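*Asks:* Could you look at this predicted model? Sequence included:
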Amino acid sequence: MDTSELRALLQSAITRTEKRIKQYRDLSGPVAPDNAIGRVSRMDAINNRGVMEAALRKAEDQLKGLERNFSLLDTEDFGKCVKCRAEIPIERILLAPESSFCVNCAR
């Protein structure tokens, strides 16, 4: 796989992740106390908000990794584990393009 294909893959992943982040932000808004939805429904809405906030944090972390790897694409550091400096197999990069670690160091 050449650099232009990797660039397109990373850019596509960044775009998808940015869209997910926007959706999670919209869904994790506060529950208005004057909304007459009932006690149980309000508790469910608060719980769902917590789930969306956790998904938002995970997506934001993923976006940081994608942007980091995108910025390293044309450097000698691209595809190297930040911990042990070993080459990350292309299969892992394709599967988890946001990762900066080899399989052994990611454990």
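*Replies:* In hand now; what should we look at?
*Asks:* So residue 94 sits against residue 9, correct?
*Replies:* Yes. With contact defined as C-beta atoms under 8 Å, residue 94 reaches residue 9; the gap is 7.1 Å. Just so you know, the C-beta spots here come from the backbone N, C-alpha and C atoms, and that holds for glycine as well.
*Asks:* more neighbours, these two?
*Replies:* residue 9 (16 against 12; other C-beta atoms under 10 Å).
*Asks:* So what's the gap between the one helix or strand in the chain whose mean pLDDT sits lowest and the chain middle?
*Replies:* Ranked by mean pLDDT, DSSP states H and E, the weakest helix or strand in the chain is helix 39-71, scoring a mean of 89. From the chain centre to the centre of helix 39-71 is a distance of 9 Å (C-alpha atoms, centre = their mean, to the nearest Å).
*Asks:* Just list what that helix packs against, helices and strands only.
*Replies:* helix 3-27 (3 or more C-beta pairs under 8 Å, 6 or more residues apart in numbering; DSSP states H and E).
*Asks:* Touching the helix it packs on from outside, list them.
*Replies:* 48-49, 52-53, 55-56, 59-60, 62-63, 66-67, 69-70, 73-74, 93-94, 97-98 (C-beta atoms under 8 Å, 6 or more residues apart in numbering).
*Asks:* number of nearby residues for residue 29?
*Replies:* Neighbours of residue 29 (other C-beta under 10 Å): 9.
*Asks:* actually residue 107, not the one I wrote
*Replies:* 6.
*Asks:* so how far is residue 5 from it?
*Replies:* 29 Å (C-beta to C-beta, to the nearest Å).
*Asks:* Repeat that for residue 17.
*Replies:* 19 Å.
*Asks:* do residue 44 as well
*Replies:* 44 Å.
*Asks:* So which of those two has more stuff around it?
*Replies:* residue 44 (13 against 10).
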